[in-house]
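Visitor: Got a predicted structure plus its sequence, pasted below:
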Amino acid sequence: MTPKTALTIAGSDSGGGAGIQADLRTFFANGVHGLVALTAVTVQNSLGVQGFTEIPADVVTAQIKAVASDMGVNAAKTGMLATAEIIRSVAKTLDEVEVGPFVVDPVAASMTGDPLLREDALEAIRMELFPRATLITPNLDEVRLLTGVSVVDAASQRAAAEALLEFGSRWVLVKGGHMTGTADCVDLLSDGREYITLSGPRYETENTHGGGDTLASAITASLAKGASVPDAVAAGKKFIERCVAEAYPLGAGVGPVSPFWVLGPRE
Ligand SMILES: Nc1ncnc2c1ncn2[C@@H]1O[C@H](COP(=O)(O)OP(=O)(O)OP(=O)(O)O)[C@@H](O)[C@H]1O
Ligand SMILES: Cc1ncc(COP(=O)(O)O)c(N)n1
């Protein structure tokens, strides 16, 4: 049977832990066929991002149009978008082709602090993509950059969700992976009417490279299969928890979260 399809519009991670590599393996692990519009090639390992080259904007949009017109897209997500020009071109293309539910992960920098966007591009994501998004999934650094709100507890997490919804997405997920002083990892999902707290154990590990991408692509896979946003986010949270629990060291720096558990027990 032909599986549902999910499109990632994102960059490549030569270390294989984040970016399209994380998205494609998460799509596979969640039973959907992955489609790709590559935006940038990063030179990256466990220690950080040494540099990147962006793909010309017309080549990014041609990839989207090629797969959408022929194969159909049941849901789509964005990761690293690199430049304001790519963002504006993607936004225009989304008005011309059907991609189903649309998840925007406003990736601004790697977890090692290296920029993944040229200057002024985050503002373009806010202006051009948030109003078109079914769901946006910022982490706490991105929340601060976008709204000025520093999330330190449940009240400020809710204030951040309210401020982010002003930018026009239908739903927002304020991820709490980087919140300090909490025993659990608490993410907050809201559409302005419902406020849904997703709480799970915080695993002791340094190896969380690709965690944000993996969560957003697991959510996108569920949306492609027809789940509601709350159900897709709940399933994504369960998926990422298991991936963080089984994360492994690789290289001298930060290792990746692991989807290998889906293969069952191995030697
Ligand atoms: N140590 C942990 N244990 C369990 N879950 C975690 C842990 N760290 C992050 N998570 C979960 O992983 C998901 C990604 O959250 P996070 O806030 O880390 O996003 P991010 O900063 O975009 O990710 P990245 O690590 O890729 O930069 C969230 O659902 C969060 O609750
Ligand atoms: C190509 C690409 N896309 C996204 C990330 C963010 O992932 P992380 O925050 O885990 O470094 C990354 N490092 N590289």
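Guide: Right, received. Where do you want to start? Numbering: from 1, shown residues only. Ligands and ions are numbered 1, 2, ... in the order given.

Visitor: and F130, what does it touch?
Guide: For F130, the contacting residues are 104, 106, 136, 164, 167-169, by C-beta atoms under 8 Å, 6 or more residues apart in numbering. From N, CA and C alone the C-beta is placed, and that goes for glycine too.

Visitor: Look at it and report its pLDDT.
Guide: Note for F130: predicted pLDDT of 98.

Visitor: among the contacts of F130, which are in helices?
Guide: L164 (DSSP state H).

Visitor: The spatially closest residue to I125 that is not a sequence neighbour: how many residues sit nearby?
Guide: Here the nearest residue to I125 in space, its sequence neighbours aside, is P106; by C-beta to C-beta, 6 or more residues apart in numbering that works out to 5.0 Å. P106 has 26 neighbours, counted by other C-beta atoms under 10 Å.

Visitor: what about P106, distance to G176?
Guide: 16 Å (C-beta to C-beta, to the nearest Å).

Visitor: Quick one: low-confidence residue ranges for this protein.
Guide: Where the chain drops to pLDDT under 70, the residues are 267.

Visitor: Okay, strands next: where are they in it?
Guide: Under the criterion DSSP state E, the chain contains strands at 5-13, 33-45, 48-54, 75-78, 102-104, 135-136, 171-174, 184-190, 195-201.

Visitor: now these as JSON lines including mean neighbour count and distance to S110?
Guide: Formatted as JSON lines, these follow (neighbours: other C-beta atoms under 10 Å; distance: least, C-beta to C-beta, whole Å):
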{"stretch": "strand 5-13", "mean neighbour count": "28", "distance to S110": "9"}
{"stretch": "strand 33-45", "mean neighbour count": "21", "distance to S110": "7"}
{"stretch": "strand 48-54", "mean neighbour count": "16", "distance to S110": "5"}
{"stretch": "strand 75-78", "mean neighbour count": "29", "distance to S110": "16"}
{"stretch": "strand 102-104", "mean neighbour count": "27", "distance to S110": "18"}
{"stretch": "strand 135-136", "mean neighbour count": "26", "distance to S110": "19"}
{"stretch": "strand 171-174", "mean neighbour count": "27", "distance to S110": "20"}
{"stretch": "strand 184-190", "mean neighbour count": "20", "distance to S110": "20"}
{"stretch": "strand 195-201", "mean neighbour count": "15", "distance to S110": "24"}
